[in-house]
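Trainee: generate coordinates for the sequence data below:
(chains A and B)
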Amino acid sequence: SQELEQSPQSLIVQEGKNLTINCTSSKTLYGLYWYKQKYGEGLIFLMMLQKGGEEKSHEKITAKLDEKKQQSSLHITASQPSHAGIYLCGADDPLDSNYQLIWGAGTKLIIKP
Amino acid sequence: ETGVTQSPTHLIKTRGQQVTLRCSSQSGHNTVSWYQQALGQGPQFIFQYYREEENGRGNFPPRFSGLQFPNYSSELNVNALELDDSALYLCASSLGGIGTYGYTFGSGTRLTVV
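Mentor: Next up, the predicted model:
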């Protein structure tokens, strides 16, 4: 079965600094999703990547999927307090008859003022 | 109406009781899936419903059951509650079985079993 490993588990960053979160899959990724979660709340969709080498940006957040489609990174430029939260990567597989999303354990991001 | 709405937001139940959680899907989305998220962990897939039929299930016992209605709202029922069932329960709606167009999540129901 597919597993997703996120690193680091937690991150404390000075406001204004850049940061990167990684998500590594045990199998080739079909669809890779990045979501943000405030503590104990629902998930907010950030981006979806499907093609090897694909890169998407929204405001100060950029997500990339490597050519082999087994690793994705999420990069935040000039971090702000609003970026604080838990970042989760998820993946689905059209060959999985359960249609489920598999998730990483999350990366907790704290922004220091 | 846009977005996914879940109710209630918080719930406290006693071990052995039964609970029903509700989800109203995003307009036009015909698929709903439910996830259990323990503290500090990623969500775990419970099951998925497509056009009122369960078409996928994770590693959860039969006491976790669900329903999807013609208006695409859905329920998650849990019987014989156990302490380990304490978690955040999330529902997500999408168009079709695979999230080609993305998954929209609700804010979740925080269930505490005492």
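
Trainee: what about the strands in chain A?
Mentor: For chain A, strands defined by DSSP state E occupy the ranges A:4-7, A:10-14, A:19-25, A:31-37, A:43-49, A:55-58, A:61-65, A:71-76, A:85-92, A:101-103, A:107-112.

Trainee: can you put those strands in CSV and add distance to residue B:86 and mean pLDDT?
Mentor: Quick note: C-beta positions are derived from backbone N, CA and C, even for glycine. As requested, those are exported to CSV (distance: least, Cβ to Cβ, whole Å; pLDDT from 0 to 100):
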stretch, distance to residue B:86, mean pLDDT
strand A:4-7, 24, 96
strand A:10-14, 23, 97
strand A:19-25, 27, 97
strand A:31-37, 18, 93
strand A:43-49, 19, 92
strand A:55-58, 34, 94
strand A:61-65, 32, 97
strand A:71-76, 30, 97
strand A:85-92, 19, 94
strand A:101-103, 19, 89
strand A:107-112, 20, 97
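
Trainee: dig out what residue A:47 forms beta bridges with.
Mentor: Residue A:47 forms beta bridges with residue A:34, as assigned by DSSP bridges.

Trainee: got the confidence number for the closest residue to residue A:17 other than its chain neighbours?
Mentor: Ranked by Cβ to Cβ, 6 or more residues apart in numbering or on different chains and with sequence neighbours excluded, the top spatial neighbour of residue A:17 is residue A:79, at 5.7 Å. The pLDDT attached to residue A:79 in the predicted structure is 97.

Trainee: so what's residue A:79 up against?
Mentor: For residue A:79, the set of contacting residues under the criterion of Cβ atoms under 8 Å, 6 or more residues apart in numbering or on different chains consists of A:13-19, A:60, A:109, A:111.

Trainee: redo the strands of chain A as CSV? Include distance to residue B:91 and mean neighbour count.
Mentor: Conversion of the strands of chain A to CSV gives the following (distance: least, Cβ to Cβ, whole Å; neighbours: other Cβ atoms under 10 Å in any protein chain shown):
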stretch, distance to residue B:91, mean neighbour count
strand A:4-7, 21, 17
strand A:10-14, 27, 13
strand A:19-25, 23, 20
strand A:31-37, 14, 23
strand A:43-49, 11, 20
strand A:55-58, 24, 12
strand A:61-65, 24, 20
strand A:71-76, 24, 20
strand A:85-92, 15, 24
strand A:101-103, 12, 25
strand A:107-112, 23, 17
